[in-house]
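Q: kindly return the folded structure for what I paste below:
(chains A, B, C and D)
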There are 2 protein chains.
Amino acid sequence: MTSPPPDPLAVEVVELIGTVVARYHREYEHAAARYALTGAQARVLSLLCVEPTPMRRIARYFECEPSNVTGIVDRLEARGLVERRPDPSDRRVKIAAATPAGREAAARLRGSLDFAREPLAALSEAERTTLRDLLKRMVGGGAPG
Amino acid sequence: MTSPPPDPLAVEVVELIGTVVARYHREYEHAAARYALTGAQARVLSLLCVEPTPMRRIARYFECEPSNVTGIVDRLEARGLVERRPDPSDRRVKIAAATPAGREAAARLRGSLDFAREPLAALSEAERTTLRDLLKRMVGGGAPG
DNA sequence: TATTGTTATACTCTATAACTATA
DNA sequence: TATAGTTATAGAGTATAACAATA
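A: Numbers count the residues shown, from 1 in each chain, chains lettered A, B, ... in the order given. From the prediction side, this is the model:
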């Protein structure tokens, strides 16, 4: 359907983004592993620190099947990092929420993501501002979570 | 060891990168799935299209255990997308290489990564150049693959 | 009937440890 | 002895399908 012109500059940027993505993702998994969390567990926990979320909505957020979320939340709950709460307005719904221990673990993990800040050291403040604005416009173009 | 100052701008950029990474990664898996490939299979196949690579070096490249690579290459080989070749200079080594069918599949996949190019449409050519240069400097600061 | 969450199942990815064949 | 690749094993993520409880 879409037959975009083979813009060499766009290709180069896409490849660079691919490199950044691969590196970031790998480092994120490693950082999570240091807290005995898998990447998926860390991502769900981080989401639940922002806001308690029904199981179904977690699945929609990560674009995965609801059955996956059951297992991930099971394992987080078994370690006391997350709890399931009933939804007063709909007894079918279970709302997953981070416990204080979960919020603490997530905060420690977040603080350890130096690898993500480190490459920015090569840029001046003005350049970081430029980068931020360009990324914002790229991200803003997509569908909201 | 590293106790970087809590620079709000850096934090914002890191969060934006996190968003880009999450979106790109998800879309990449979906795109690979459309060709009946897992993300890991697609990444290995793409690497082998660049250059035939010994099993051990594939593992080092992706920073995973060599035993993983065996299974991934097994499955790619079973579908005729990859083949193992002996290394004439060291009979212990097996060199994995993309077959013509594998290169074709990888090319089709690469062509379908519109999602990565699409957000760039919001940027002018000058802005893309700026973005490219900033990303280059970020990436260049890390360890070479 | 439709929806929420779960269970059961099968496949893949991942790390660890032990094994083989070469070096 | 050290290295390259594999096998065996176990835990985790994922999609599919079927199910109970609730709407």
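Q: would you point out the helix or strand in chain A whose mean pLDDT is lowest?
A: None of the helices or strands of chain A scores lower by mean pLDDT, DSSP states H and E than helix A:114-117, at a mean of 78.
Q: quick one: buried residues of that helix?
A: For helix A:114-117, burial by neighbour count (16 or more other CB atoms under 10 Å in any protein chain shown) applies to A:Phe115, A:Ala116, A:Arg117. For every residue, glycine as well, the C-beta is placed using N, CA and C.
Q: now those in CSV, with distance to B:Thr70?
A: Below are those laid out as CSV (distance: CB to CB, whole Å):
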residue, distance to B:Thr70
A:Phe115, 29
A:Ala116, 32
A:Arg117, 36
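Q: close to chain B, is the following helix or strand past the least confident helix or strand of chain A?
A: Once the chain leaves helix A:114-117, the next helix or strand it forms, by DSSP states H and E, is helix A:125-140. Yes. Applying CB under 8 Å from any CB of the partner chain, one finds helix A:125-140 touching chain B at A:125, A:127-132, A:134-140.
Q: about what we covered before: can you name every helix or strand that the least confident helix or strand of chain A contacts?
A: On a contact count with 3 or more CB pairs under 8 Å, 6 or more residues apart in numbering or on different chains; DSSP states H and E, helix A:114-117 meets helix A:8-33, helix B:8-34.
Q: try it again at 6 Å.
A: helix B:8-34 (3 or more CB pairs under 6 Å, 6 or more residues apart in numbering or on different chains; DSSP states H and E).
Q: list the buried residues of the helix it packs on.
A: For helix B:8-34, using 16+ other CB under 10 Å, the buried residues are B:10, B:12-14, B:16-25, B:27-29, B:31-32.
Q: tell me how far A:Val50 lies from A:Tyr61.
A: Here the criterion is CB to CB, to the nearest Å. By it, A:Val50 lies 10 Å from A:Tyr61.
Q: between those two, who's got more neighbours?
A: Comparing A:Val50 with A:Tyr61 by other CB atoms under 10 Å in any protein chain shown, the one with more neighbours is A:Tyr61, at 15 against 9.
Q: and chain A, which residues reach chain B?
A: With CB under 6 Å from any CB of the partner chain as the criterion, chain A comes near chain B at residues A:2, A:9-10, A:12-14, A:16, A:19, A:21, A:24-26, A:63, A:114, A:116-117, A:119-120, A:122, A:128, A:131-132, A:134-135, A:137-139, A:141.
Q: ok, and of those, which contact DNA strand D?
A: The residues of these that also fall near DNA strand D, by CB under 7 Å from any atom of the strand, are A:Glu63.
Q: pLDDT score for the residue of chain A found nearest DNA strand C?
A: Closest residue of chain A to DNA strand C, CB to the nearest atom of the strand: A:Arg56 (2.5 Å). Confidence at A:Arg56, expressed as pLDDT, is 98.
Q: ok, it - how many residues close by?
A: The tally of other residues near A:Arg56 (other CB under 10 Å) stands at 13.
Q: quick one, what contacts A:Pro54?
A: A:Pro54 sits next to A:Val93, A:Ile95 when contact means CB atoms under 6 Å, 6 or more residues apart in numbering or on different chains.
Q: ok, and does stretch A:42-54 reach over to DNA strand C?
A: Yes. With CB under 7 Å from any atom of the strand as the measure, stretch A:42-54 is seen reaching DNA strand C through A:Pro54.
Q: list the buried residues of that stretch.
A: By neighbour count on 16+ other CB under 10 Å, the buried set for stretch A:42-54 is A:Ala42, A:Arg43, A:Val44, A:Leu45, A:Ser46, A:Leu47, A:Leu48, A:Cys49, A:Pro52, A:Thr53, A:Pro54.
Q: near DNA strand D, which residues of chain A?
A: Listed as neighbours of DNA strand D in chain A under the rule CB under 7 Å from any atom of the strand: A:38, A:40-41, A:62-65, A:67-68, A:71-72, A:75, A:90-92.
Q: the same query, at a cut-off of 6 Å, please.
A: Within chain A, the positions near DNA strand D by CB under 6 Å from any atom of the strand are A:38, A:40-41, A:64-65, A:67-68, A:71-72, A:75, A:90-92.
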